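J.: coordinates only, sequence not included:
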């Protein structure tokens, strides 16, 4: 079977299990998940969907999210969209809007707290930038290696330009996405944000100092674009329609641009500098403790969706220093999760279905895709989720300790984790030292997560409940390409008490 046929088969297997094309209102994807807007949540066959070999897990938020893994999701999504377009019945807009309206309203009310909506908007602004950050980060790392080795001196300047071009203009992309997300004209947001990186600002004095190109960075671009959206909306209300095409964009760029130059760039620059200084101070003076805290709390932050608040901080650090010192520490949470899953595998030798879930999810876990292990293993069991956090804490503390000793470990991009982060590592010492410390942190996370889970992750009651034969209870679910996929019929375990 060709790759295209395989991806189409995966899409075809998923579609009927989410209620068919008629039940799909929106289709999108992020780094690892196919995100679906559903008209009727009750039509989704959760257990059959989880049993598909290609599905690593499901997450329910404002959209129904199917974890397929990096790479796979980007290839399956277009096939899924094509199938939806081919098989969806024709309805009027009114019919589609009416159907499932009550369900959608209830779901939105459940997830639409002001803080979560704000974080979701932040994620929508920065997540589309991650592929470029990853690509440019890997090229930058390769270029640095070639320079250190003295190889291909005629090529390294070109690689430097390729790696640095996006970062030099990242403020423009942030401004564009921000205006789009907040309901304004995207290109106007990009135009205002472009002022921040324009070399000519070096001739302008503001607050008694000369501005620097790039001052304020992504935070300034975000603020400038939000301001542009509000100015544009104000103009739409007051400018006559006959003059709108001329007056509104002019006033939007002019007013927002002046405020950006004579206010936002200075303020955002001070905030950005403070973020960088605080991160460096924290790791230099309290690195071990900070690493313990960050590594231990990151899994709960992910569960609550609060990790999205860190995205602008990561991006600011990358823009300032060339790498974020926080991501390698936070990545240790995934290491603790992997260690905990291996301990669960050994502690429940009779639970065939859970052991099979662990075997299929561990490769993705090693590469930093933690959702299958979180939602399929540790979180339903309860206490192993806590011991996984303990593993992450010790791994984070290990890397933080070396920061206190003067060796910083950073990542040139956000998004990857686990072993997938190795090509993006950078720091203030040699690449070999940086890689060694990060690998040591992973090993500590694996080991502590395993030991904590094996010895303290199970009460006797929990062992009696889950260390039972499940092989005899299995059935099969036929995938879209006709291949049988194993599916346990035992009920989804309820979260156990910790």
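T.: Arrived safely. Source: prediction; values computed, not measured.
J.: and the spatially most central residue of the chain, what is it in contact with?
T.: Nearest to the mean C-alpha position of the chain, by Cα atoms, centre = their mean, lies residue 415 at 5.5 Å. Residues in contact with residue 415, defined by Cβ atoms under 8 Å, 6 or more residues apart in numbering, are 31, 130, 131, 133, 134. Heads up, the C-betas are built off the backbone N, CA and C, glycines and all.
J.: give the contact list for the first one.
T.: With contact taken as Cβ under 8 Å, 6+ apart, residue 31 is in contact with 70, 73, 127, 130, 415.
J.: Contacts for stretch 423-441 next, please.
T.: In contact with stretch 423-441 (Cβ under 8 Å, 6+ apart) are residues 134, 137-138, 140-141, 144-145, 148, 322-323, 328-329, 332, 335, 395-396, 398-399, 402, 406-413, 416, 421-422.
J.: For PyMOL, write the select line for the buried members of these.
T.: Per 16 or more other Cβ atoms under 10 Å, the buried members of the contacts of stretch 423-441 correspond to this PyMOL selection:
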select buried, resi 134+137+138+140+141+144+322+323+328+329+332+335+395+396+398+399+402+407+408+409+410+411+412+413+416+421
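J.: Now, the contacts of stretch 423-441 that are in helices?
T.: Using DSSP state H, the subset of the contacts of stretch 423-441 located in helices is 134, 137-138, 140-141, 144-145, 148, 328-329, 332, 335, 395-396, 398-399, 402.
J.: Can you pull the phi and psi angles for the spatially closest residue to residue 468 that is not a sequence neighbour?
T.: In this structure, residue 468 finds its nearest non-sequential neighbour in residue 350, 5.8 Å apart by Cβ to Cβ, 6 or more residues apart in numbering. Backbone torsions for residue 350, taken as degrees, to the nearest 10, come to phi -90, psi -10.
J.: Repeat that for residue 326.
T.: Torsion angles, degrees, to the nearest 10, at residue 326: phi -90, psi -40.
J.: Could you measure from it over to residue 237?
T.: 42 Å (Cβ to Cβ, to the nearest Å).
J.: Tell me which of the two has more neighbours.
T.: More crowded of residue 326 and residue 237, by other Cβ atoms under 10 Å: residue 326, with 23 against 6.
J.: residues touching that one, list them.
T.: Counting by Cβ under 8 Å, 6+ apart, residue 326 makes contact with 279, 294, 310, 313, 314, 317.
J.: The residues you listed in helices, which ones?
T.: Counting by DSSP H, the part of these found in helices is 279, 294, 313, 314, 317.
J.: Surely the third one touches residue 274?
T.: Same thing as residue 313. No: the criterion here is Cβ atoms under 8 Å, and residue 313 misses it with residue 274 at 11.1 Å.
J.: out of those two, which sits in the busier spot?
T.: Counted by other Cβ under 10 Å, residue 313 and residue 274 do not tie: residue 313 has more neighbours, with 19 against 10.
J.: Tell me the pLDDT of the more buried one.
T.: Turning to residue 313, the model gives it a pLDDT of 94.
J.: tell me the contacts of it?
T.: 275, 279, 324, 326.
J.: can you tell me how far the second one sits from residue 372?
T.: Just to be clear, that refers to residue 279. Residue 279 is 31 Å from residue 372, by Cβ to Cβ.
J.: Give me the more crowded residue out of the two.
T.: Set residue 279 next to residue 372 and count neighbours by other Cβ under 10 Å: residue 372 wins out with 26 against 22.
J.: Cheers, nothing more for now.
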